[in-house]
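J.: coordinates only, sequence not included:
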């Protein structure tokens, strides 16, 4: 897709903006459909040298999007028109993707496009935001919608940052320790073993095990290209759903991911229902917010039950994925007419449960990493010093 700048006439007044399209012909066709008579259409070309271009493997982070939405809510509360607020944020944003998307949204709104459609077409915001906007774009709660969505993305960003910070230091230290062990096993110990065999000495048991492991490691190195290909194409080989189902069964990671997915599902459902989105649409958006494809597929298969008018609590119980406490909260909310409140409460409960698990393992990571590093250093020392002592004793005799 390429970007095009256009200038034209609509209902007797001059308009201009930016659109993404695969060709100039598509731009002209789209403008004609919107009632714009094009005067000038030009493709935006990136003239920067190769080494100065930005390459992105994923969209903007939740933290950046949260900051934009919260700023947008504040500007609207201050009485600034939406079009002007989008323009101000576009000029302030350092991320070109966000800046371009905001200008595109502004251009779409000025052409008469609905707010929800403009945000959906931008392609950088989560699915639940356009649906929430479709229910509120004609009301007075527009800034409230941006605030709720921004705070939700802020919470997601905080959780990701907390997990990343917890595992970064131990991962680096353990990684270097394993690299040192690899060097010792692959290059140092086998040479010492050959010297020891030259003196007619029998290898210590630990050294024999290390030499055997070194030979196995050599075979693994030969197979490494195949292993890398299997990892890269793991979803095609094993299937994404099967992998995600396996991840749910892992002792710690699986439990944390499970709680986060429940919390995300509950909070997304709460946000959309609080924004007057119909239950069927809100359920579909909440299901799409789940990152685990195994859980998502099961809930998608039950979407027809919600469309037929089945209670949400019955549908969730039928899925077999949710804890009884969460189902009871939903059932209580349906009975009392306070479903949104119960969903918000459920989201908080399971988010706190996930945070509690994370905090516990953050405290455990440091002593566990020290134990792992100590074990690695001990193996290196024993596997090297024992053969050396045998060599020196052989020379002394």
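T.: Great, that's in hand. These figures come from a predicted structure and were not determined experimentally. Numbers count the residues shown, from 1 in each chain.
J.: Could you pull out the helices in the stretch 1-150 of the chain for me?
T.: Under the criterion DSSP state H, counting those that start in this stretch, the stretch 1-150 of the chain contains helices at 24-33, 62-77, 82-92, 96-110, 115-122, 128-136, 142-183.
J.: Which one, of the ones you listed, ends up nearest to residue 269?
T.: Minimum separation from residue 269 across the helices of the stretch 1-150 of the chain (C-beta to C-beta) falls at helix 128-136, 9.2 Å. C-beta coordinates here come from the backbone N, C-alpha and C atoms, glycine included.
J.: quick one: average pLDDT of that closest one?
T.: Mean pLDDT, computed over helix 128-136, is 71.
J.: Pipe the helices of the stretch 1-150 of the chain into JSON lines and attach distance to residue 210 and mean neighbour count per row.
T.: What follows is the helices of the stretch 1-150 of the chain, written out as JSON lines (distance: least, C-beta to C-beta, whole Å; neighbours: other C-beta atoms under 10 Å):
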{"stretch": "helix 24-33", "distance to residue 210": "64", "mean neighbour count": "15"}
{"stretch": "helix 62-77", "distance to residue 210": "45", "mean neighbour count": "19"}
{"stretch": "helix 82-92", "distance to residue 210": "58", "mean neighbour count": "16"}
{"stretch": "helix 96-110", "distance to residue 210": "50", "mean neighbour count": "20"}
{"stretch": "helix 115-122", "distance to residue 210": "57", "mean neighbour count": "19"}
{"stretch": "helix 128-136", "distance to residue 210": "54", "mean neighbour count": "23"}
{"stretch": "helix 142-183", "distance to residue 210": "10", "mean neighbour count": "16"}
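J.: between the ones you listed, which one is nearest to residue 371?
T.: With C-beta to C-beta as the criterion, residue 371 lies closest to helix 142-183 of the helices of the stretch 1-150 of the chain, at 10.5 Å.
J.: Quick one: list the elements packing against the helix or strand following that closest one.
T.: Downstream of helix 142-183, the first helix or strand assigned by DSSP states H and E is helix 189-198. Secondary-structure packing of helix 189-198 (3 or more C-beta pairs under 8 Å, 6 or more residues apart in numbering; DSSP states H and E): helix 205-232, helix 339-396.
J.: Name the stretch among those helices that sits most buried.
T.: Neighbour counts (mean count of other C-beta atoms under 10 Å) averaged over each of the helices and strands packed on helix 189-198 peak at helix 339-396, with a mean of 16.
J.: Low-confidence ranges, the stretch 101-250 of the chain, go.
T.: Scanning the stretch 101-250 of the chain for pLDDT under 70 picks out 131, 134-141, 166, 196, 199-201, 203, 235.
J.: how does it look with 50?
T.: Scanning the stretch 101-250 of the chain with the threshold set as pLDDT under 50 gives 138-139.
J.: Who are the contact partners of residue 125?
T.: 65, 101, 119 (C-beta atoms under 8 Å, 6 or more residues apart in numbering).
J.: Can you tell me the closest non-neighbouring residue to the second one?
T.: It refers to residue 101. What sits nearest to residue 101 in space, not counting adjacent residues and going by C-beta to C-beta, 6 or more residues apart in numbering, is residue 122, at 4.0 Å.
J.: Which one of the helices of the stretch 1-150 of the chain lies nearest to residue 216?
T.: In terms of C-beta to C-beta, the element of the helices of the stretch 1-150 of the chain nearest to residue 216 is helix 142-183, at 12.3 Å.
J.: Now the contacts of residue 125 in JSON lines, please, with extra columns for distance to residue 254.
T.: As requested, these are arranged in JSON lines below (distance: C-beta to C-beta, whole Å):
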{"residue": "65", "distance to residue 254": "27"}
{"residue": "101", "distance to residue 254": "35"}
{"residue": "119", "distance to residue 254": "34"}
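J.: Just name the closest of those residues to residue 309, please.
T.: For the contacts of residue 125, the residue nearest residue 309 by C-beta to C-beta is residue 119; the value is 30.0 Å.
J.: just checking, the closest one touches residue 127?
T.: No: between residue 119 and residue 127 there is no contact, the gap being 10.3 Å when judged by C-beta atoms under 8 Å.
J.: between those two, what contacts are shared?
T.: The overlap between the contact sets of residue 119 and residue 127 (C-beta under 8 Å, 6+ apart) is empty.
J.: on that earlier part again, so the residue nearest to residue 101 touches residue 103, yeah?
T.: No: in this structure residue 122 lies outside contact range of residue 103 using C-beta under 8 Å: 9.7 Å.
J.: thinking again about what came up before, mind putting the helices of the stretch 1-150 of the chain into JSON lines with distance to residue 381?
T.: Below are those laid out as JSON lines (distance: least, C-beta to C-beta, whole Å):
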{"stretch": "helix 24-33", "distance to residue 381": "67"}
{"stretch": "helix 62-77", "distance to residue 381": "44"}
{"stretch": "helix 82-92", "distance to residue 381": "56"}
{"stretch": "helix 96-110", "distance to residue 381": "51"}
{"stretch": "helix 115-122", "distance to residue 381": "58"}
{"stretch": "helix 128-136", "distance to residue 381": "55"}
{"stretch": "helix 142-183", "distance to residue 381": "11"}
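J.: So for residue 15, which of those sits nearest?
T.: Distance to residue 15, taken as C-beta to C-beta, is lowest for helix 96-110 among the helices of the stretch 1-150 of the chain, at 6.7 Å.
J.: what's the angle between the closest one and helix 82-92?
T.: With axes from the mean of the first three to the mean of the last three C-alpha atoms, to 10 degrees applied, the angle from helix 96-110 to helix 82-92 works out at 160 degrees.
J.: other SSEs contacting helix 96-110?
T.: Contact here means 3+ C-beta pairs under 8 Å, 6+ apart; on that basis helix 96-110 packs against strand 13-21, helix 62-77, helix 82-92, helix 115-122.
J.: Ok, which of those comes nearest residue 334?
T.: Evaluated over these, closeness to residue 334 peaks at helix 115-122, with 27.3 Å, by C-beta to C-beta.
J.: Can you report how many residues neighbour residue 328?
T.: 14 (other C-beta atoms under 10 Å).
J.: re the thing from before, distance to residue 170 for the helices and strands packed on helix 96-110 - can I get that in TSV?
T.: Formatted as TSV, the helices and strands packed on helix 96-110 follow (distance: least, C-beta to C-beta, whole Å):
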stretch	distance to residue 170
strand 13-21	42
helix 62-77	23
helix 82-92	37
helix 115-122	38
